[in-house]
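1. generate coordinates for the sequence data below:
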Amino acid sequence: MIQLKSISIIGCGWLGKPLAKTLEKESRVQCFDREKTSDNSSFWQNDTIIIAINTKDNYLKTLQKIAKLSSTSSNIILLSSISVYREFNSILDENVDITQKNLQKEAEELMQNLRKNLLILRLGGLMGEDRISGKWKKVSSFKDGPVNYIHREDVINIIKKLLKSDVKNGIFNLVAPQHPLRSLVHEQNAKNFGFMLGSFKEKTSKIINSDAIIKKLNYTFLYPNPLKFWN
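-> Numbering: from 1, shown residues only. Purely as a prediction, here's the structure:
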């Protein structure tokens, strides 16, 4: 009999909740509950612990506590962000030397110092379903340039494949391989969904390369083109 893998997810929100729903088809999945998950819960002993929280609310202290409570045999997957590359404006992969420290980079280094089996996934702008690029609430002026988005379904699918692989550590960018201009994405979405188009004043040229994860998993993106995320 094949033994089900046990997975803990911290941060069962817009991404974590559907991730849990997908993974529980083949694994035993637990979502962290602030009211019910105690420090001595079996939650911290599961095979894999996925951290899908935002950088608010004492982020570094929270990560430190997670690393301390988690079993030393647990594999950790930290959902990080391409915001670690904020100092750059060029084509980038995971090997670039980041010299300007930021909270996301500090978080990665903290976890690297605390855990051996650590996968860091640097997610692009999370899109799909009700997250529609260009549908703004407050900001209406944007910099134009190549987008570095990823569809939620690709994030879920990549994590699912990583859990079935023997990849237990490393850093990978998770960004759709096509990078149309932000103005084109916004214009199309404004037309298709009937909202106002913002303005574009500056240019950027940052492109985040995701070839490493594609090669490692022989992965084919479900949504390679952000212009077709909402079709």
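2. make it CA atoms for all contacts and neighbour counts henceforth
-> Fine.
3. in the protein, which residue is closest to the centre?
-> Residue closest to the average C-alpha location in the chain (C-alpha atoms, centre = their mean): Leu123, at 3.4 Å.
4. confirm Lys68 sits in a helix?
-> Yes - judged by DSSP: H, G, I helix; E, B strand; the rest coil, Lys68 forms part of a helix.
5. tell me the spacing between it and Lys168.
-> Separation of Lys68 from Lys168 (C-alpha to C-alpha, to the nearest Å): 19 Å.
6. helices along this structure, start to end?
-> 16-23, 59-69, 103-114, 152-164, 182-193, 211-217 (DSSP state H).
7. turn those into CSV, columns for mean pLDDT.
-> Below are the helices of the chain laid out as CSV (pLDDT from 0 to 100):
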stretch, mean pLDDT
helix 16-23, 97
helix 59-69, 96
helix 103-114, 96
helix 152-164, 97
helix 182-193, 96
helix 211-217, 98
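8. out of those helices, which is closest to Glu129?
-> With C-alpha to C-alpha as the measure, helix 152-164 is the member of these nearest Glu129 (8.3 Å).
9. low-confidence regions, this protein specifically.
-> Along the chain, segments meeting pLDDT under 70 span 1-3.
10. let's go with 80 and repeat that
-> Within the chain, the ranges that satisfy pLDDT under 80 run 1-4, 57, 137-139.
11. isn't Phe43 right next to Thr37, touching?
-> Yes - with contact defined as C-alpha atoms under 8 Å, Phe43 and Thr37 form a contacting pair (7.2 Å).
12. overlap in contacts of those two?
-> Overlap of the contact sets of Phe43 and Thr37 (by C-alpha atoms under 8 Å, 6 or more residues apart in numbering) is empty.
13. of the two, which one has the most company?
-> Using other C-alpha atoms under 10 Å, the more surrounded residue of Phe43 and Thr37 is Phe43, with 24 against 14.
14. OK, contacts around Ser140?
-> By C-alpha under 8 Å, 6+ apart, the neighbours of Ser140 are Leu197, Gly198, Ser199.
15. among the residues you listed, which one has the most neighbours?
-> Leu197 (18 neighbours).
16. got a list of what that one touches?
-> Gly134, Ser140, His186, Glu187, Ala190.
17. one more time with 7 Å, if that's ok
-> Under the criterion of C-alpha atoms under 7 Å, 6 or more residues apart in numbering, the neighbours of Leu197 are His186, Glu187, Ala190.
18. any idea how far Leu126 is from the closest residue to the second one other than its chain neighbours?
-> Spatial nearest neighbour of Glu187, excluding adjacent residues (C-alpha to C-alpha, 6 or more residues apart in numbering): Leu197 at 6.5 Å. Distance of Leu197 to Leu126, computed by C-alpha to C-alpha: 20 Å.
19. same deal with Asp47?
-> For Asp47, the distance to Leu126 - C-alpha to C-alpha - is 26 Å.
20. likewise for Leu92?
-> Taking C-alpha to C-alpha, one finds Leu92 at 18 Å from Leu126.
21. so for the two, which sits in the more crowded spot?
-> Leu126 (21 against 16).
22. you'd agree that one is up against Asn148?
-> No - using C-alpha atoms under 7 Å as the test, Leu126 is too far from Asn148 to be in contact (9.2 Å).
23. what are the boundaries of the strands in the chain?
-> Ranges of strands in the chain, per DSSP state E, are 5-10, 27-31, 48-51, 75-81, 91-92, 118-123, 125-127, 141-144, 149-151, 170-174, 199-203, 207-208.
24. among the ones you listed, which comes closest to Leu217?
-> Per C-alpha to C-alpha, nearest to Leu217 of those: strand 170-174, 11.1 Å.
25. tell me the one among the contacts of Leu197 nearest to Thr22.
-> His186 (29.8 Å).
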